[in-house]
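Colleague: How does the following fold in three dimensions:
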Amino acid sequence: LTFQTPIYCPLDSLIIGSRLDTDIQTSQCRLAFSGRLIQKYDAEKDGPNLRLYNKKEKRGIVCRLGDPHKRNDDKKIVRYEIYGNDLFNKDTNMNQFVGLFIETKYKGEVGVVHSSFGTSGKFKVHFPGGTEVREGDHLYLRFRRYLHDKEKKIRQDGMKVTEARDGTRMAPIVKEKKKRNKVGTKAKNHAQGMDQSSQEASKSLKIDSSNGNTASQENLVVG
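Modeller: Numbering: from 1, shown residues only. Modelled structure (predicted):
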C-alpha cells in the first residue's frame, strides 16, 4: 500500500485494512487484512529484501507412457517414466529445466524433469513413486517469479518429489501373428494347377472333336 502522507504506526500496532469500494448495501465482509506491525519497511532500501512473487503455471500433455509396473504396496498399475510435449518450444535449452518438478492431476504425484526427448521439444519425466496418468492427460509446471530476482530463475520453493515406491515390471502383451498353413497353401496351389490342366485338356478335346466332325461331313459330301 502507498499512502499520500506518512502515517504514524508504532511497532506492534494492530493494522486493519478495509475495502472501501465495497457496496455497503451488501452483506459481504469489507475487511481486507489485519495483523501486527513487526518491522519497519522502507520501499526504496528494503524493496529487494521483501520477497514478492507472481505465481506461474505452464501446461503440457502426456504423449507417451513408459513400461507398466505393478506397485508393490497398493497393486496399482503405474508408470515410473512418461514423456510429454507442448510445454517447451523446439528451440528451448532443456538444460535449464532439468531437475524441475512436474505435477499431475492426481494429488501427491510429483515427478522431476529427467531430460529432453528428441529435438521437437518433448521431454522425459521420472516419477519415483509412480504415476497413474494416461496419454492425453495434462502435466503442470508450477513455479514462482520473484519481482526483485536479478537472475529471473524459476523458483519452486516448498515443493519436493514424491517418495520412491517400488514396483514390479509387467511383461508386455505380445500379439500373436497368424501363421500361414504351408501344407494347406501347397495343396491349394496344386488343386488350382490341376483345375487349370483339366480346363486346358477339355478345351483341346473340344477342338479335336469339332475338327473330326467337320472332316467326316466333308468326306460324306464328296462321296
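
Colleague: so where do the helices sit in the chain?
Modeller: For the chain, the helices defined by DSSP state H cover 43-46, 182-222.

Colleague: in the chain, which ranges drop under the pLDDT threshold?
Modeller: Across the chain, residues meeting the criterion (pLDDT under 70) sit at 172-223.

Colleague: ranges for the strands of it?
Modeller: Under the criterion DSSP state E, strands of the chain are mapped to 14-18, 31-36, 53-65, 68-71, 77-85, 101-103, 110-117, 122-131, 138-146, 167-169.

Colleague: any chance of the ones you listed in JSON lines, plus distance to Q25 and mean neighbour count?
Modeller: All C-beta atoms are positioned from the backbone trio N, CA, C, and that covers glycine. Below are the strands of the chain laid out as JSON lines (distance: least, CB to CB, whole Å; neighbours: other CB atoms under 10 Å):
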{"stretch": "strand 14-18", "distance to Q25": "16", "mean neighbour count": "11"}
{"stretch": "strand 31-36", "distance to Q25": "17", "mean neighbour count": "10"}
{"stretch": "strand 53-65", "distance to Q25": "33", "mean neighbour count": "14"}
{"stretch": "strand 68-71", "distance to Q25": "56", "mean neighbour count": "17"}
{"stretch": "strand 77-85", "distance to Q25": "50", "mean neighbour count": "20"}
{"stretch": "strand 101-103", "distance to Q25": "42", "mean neighbour count": "21"}
{"stretch": "strand 110-117", "distance to Q25": "46", "mean neighbour count": "19"}
{"stretch": "strand 122-131", "distance to Q25": "50", "mean neighbour count": "22"}
{"stretch": "strand 138-146", "distance to Q25": "38", "mean neighbour count": "17"}
{"stretch": "strand 167-169", "distance to Q25": "60", "mean neighbour count": "14"}
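
Colleague: For K45, find the nearest of those.
Modeller: Ranking the strands of the chain by their distance to K45 (criterion: CB to CB) puts strand 138-146 first, at 17.7 Å.

Colleague: From L52, how far off is the residue found closest to S34 once you drop the neighbours it is linked to in the chain?
Modeller: Nearest residue to S34, sequence neighbours excluded (CB to CB, 6 or more residues apart in numbering): I16, at 4.6 Å. Distance, I16 to L52, using CB to CB, to the nearest Å: 22 Å.

Colleague: same deal with Q28?
Modeller: Distance from Q28 to L52, by CB to CB: 27 Å.

Colleague: Mind checking which of the two has more residues around it?
Modeller: More crowded of Q28 and L52, by other CB atoms under 10 Å: L52, with 12 against 9.

Colleague: So for the protein, the centremost residue is which one?
Modeller: The residue lying closest to the centre of the chain (CA atoms, centre = their mean) is V62, at 0.1 Å.

Colleague: Bridged to it, which residues?
Modeller: Beta-bridge pairing for V62 (DSSP bridges): G84.

Colleague: Which residues are in contact with it?
Modeller: Listed by CB atoms under 8 Å, 6 or more residues apart in numbering, the contact partners of V62 are I82, Y83, G84, V133, R134, E135, G136, D137, H138, L139.
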